[in-house]
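Undergrad: Here you go, sequence then predicted model.
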Amino acid sequence: MASISRREFISMSTKATAFLLMPFPLATFSKNNTMTNNNHFDVIIVGGSYAGLAAAMALGRALKKVLVIDDGKPCNRQTPYSHNFLTNDGKTPAEIAALANLQVSRYDTVTFFNGRAISAEKTASGFQVEVASGEIFTATKLVFATGIKDLLSAIDGLAECWGISVIHCPYCHGYEVRNEKTGILGNGDIAFEFTKLISNWTKDLTLFTNGISALTSMQRTKLDQHRIKTVEKEIERLQHNNGHLRNIIFKDGSSASLKAIYAPAPFEQHCMIPESLGCELTGEGYIRIDSFQETTVKDVFAIGDNASKMRTVANAVAMGTSAGMMISKKMILEAF
């Protein structure tokens, strides 16, 4: 038998693992966890991405009966690779999610439901949640791991590049485009502060204001000192190849070639159910939580991007694990 190097073995093993994991969407696990006539759970988690799965694992390990409701449409599904997450740096979001689903599904008190939650209301004994297909489930505690929805600019081609070459977080994606020709799409104070941050990753940097600049004279001078150009032309579209940016095309017919462009976007809550229950939002639009991830409504918790500006896989997992532990401890003490 021909010998192979350690590097070749690791490469082959990684590819084999990815192949085994990738075909298992959430729907598969929901079939393996058949619903019983008893639709009551200790905890219902709305949202089955990283934060929700981490909470489900912690609760499953605490022997709690958990239902995870998810429609299989994570916000990072267009992102090619995930970074800054120990042991999984550089893997695809789908690969990480598949492995997480597989591991959580091993806890027999955790059930998955493939669908979309459309409403929830307080009951005498807890909460009831209705899904789009009409089923109603009840629980003592409720967790929202529902994320946020980016309100992207209507510039043609931007949505197709989002998460690939139109990016928002240098700590998630900046290393891969370090020292490359990079742009920032924005204007005013927010764009100025963001430009200062991104200058750490590349010196070949241009701020595109997409119209008349709202920068102050002091801000312009500061950018000039760091040789950061400002372009005020209005943008017509982004020219790309399968999401990989090639050029910005301006309305005057000119263009600018770029490797990537940062486009910090406003957002809204992806799910409005927490607000319908009375959960307060912060001034920035996140669900207000305390140090235990509990919202302003008793026994309702929020984890992940919907409650934190630290938009990383690592932070989502940390919040989910913490919430799962706190919820299980709370339930144990309440029952003692």
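TA: All right, it came through fine. All values derive from a computational prediction rather than experimental measurement.
Undergrad: Domain-wise, how is the protein divided?
TA: Listed domain ranges for the chain are 6-150+267-335, 158-262 (source: automatic domain parsing).
Undergrad: what's the span of the last one from first residue to last?
TA: To tie it back to what came earlier, the one meant is domain 158-262. Distance across domain 158-262, first residue to last, is 11 Å (Cα to Cα, to the nearest Å).
Undergrad: if we can go back for a sec, just name the most buried of the domains of the chain.
TA: domain 6-150+267-335 (a mean of 18; mean count of other Cβ atoms under 10 Å). Every C-beta, even on glycine, is put in place using the N, C-alpha and C of the backbone.
Undergrad: Report the distance from that domain to the chain centre.
TA: The chain centre lies 11 Å from the centre of domain 6-150+267-335; the measure is Cα atoms, centre = their mean, to the nearest Å.
Undergrad: One more: stretch 157-166?
TA: 15 Å.
Undergrad: Span of that stretch from start to end?
TA: 10 Å.
Undergrad: contact partners of it?
TA: 76, 78-80, 150, 152, 185, 237-240, 243-245, 259-263 (Cβ atoms under 8 Å, 6 or more residues apart in numbering).
Undergrad: May I ask which helix or strand of the chain has the lowest mean pLDDT?
TA: helix 26-32 (a mean of 40; mean pLDDT, DSSP states H and E).
Undergrad: which element follows that one toward the C-terminus?
TA: Toward the C-terminal end, the helix or strand that comes next after helix 26-32 (DSSP states H and E) is strand 40-46.
Undergrad: Report the mean per-residue pLDDT for that next one.
TA: Taken as a whole, strand 40-46 carries a mean pLDDT of 98.
Undergrad: got it, and stretch 295-303?
TA: 98.
Undergrad: For Ile44, list the residues it contacts.
TA: Val66, Leu67, Ile69, Phe127, Val129, Phe137, Thr138, Ala139, Lys141, Leu142, Val143.
Undergrad: now those residues in CSV, with secondary structure?
TA: Shown next, in CSV, are the contacts of Ile44 (DSSP: H, G, I helix; E, B strand; the rest coil):
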residue, secondary structure
Val66, strand
Leu67, strand
Ile69, strand
Phe127, strand
Val129, strand
Phe137, strand
Thr138, strand
Ala139, strand
Lys141, strand
Leu142, strand
Val143, strand
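Undergrad: For the residue nearest to Val300 when sequence neighbours are not counted, list the residues it contacts.
TA: Sequence neighbours aside, Leu142 is the residue nearest to Val300 in space, at 4.9 Å (criterion: Cβ to Cβ, 6 or more residues apart in numbering). Leu142 makes contact with Val43, Ile44, Val46, Ala120, Gly126, Phe127, Val129, Leu277, Asp299, Val300, Phe301, according to Cβ under 8 Å, 6+ apart.
Undergrad: And the domains of the chain, which one averages the lowest pLDDT?
TA: domain 6-150+267-335 (a mean of 87).
Undergrad: related to what we said a few turns ago, mind putting the contacts of Ile44 in CSV, distance to Lys251 included?
TA: Output for those, formatted as CSV (distance: Cβ to Cβ, whole Å):
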residue, distance to Lys251
Val66, 52
Leu67, 51
Ile69, 45
Phe127, 51
Val129, 47
Phe137, 51
Thr138, 55
Ala139, 53
Lys141, 52
Leu142, 48
Val143, 46
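Undergrad: So which residues of the stretch 201-336 of the chain form helices?
TA: All helices of the stretch 201-336 of the chain, identified by DSSP state H, counting those that start in this stretch, fall at 217-225, 273-276, 313-335.
Undergrad: so can I have a markdown table of those showing distance to Gly285?
TA: Output for the helices of the stretch 201-336 of the chain, formatted as a markdown table (distance: least, Cβ to Cβ, whole Å):
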| stretch | distance to Gly285 |
| --- | --- |
| helix 217-225 | 25 |
| helix 273-276 | 11 |
| helix 313-335 | 17 |
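Undergrad: I'd like to know which of the ones you listed is closest to Glu176.
TA: Proximity to Glu176, assessed across the helices of the stretch 201-336 of the chain by Cβ to Cβ, is greatest for helix 313-335 (15.4 Å).
Undergrad: what's that closest one in contact with?
TA: 42-43, 49-59, 62, 64, 82, 84-86, 88, 93, 96, 140-141, 143, 145, 292-294, 301, 303-305, 307-308.
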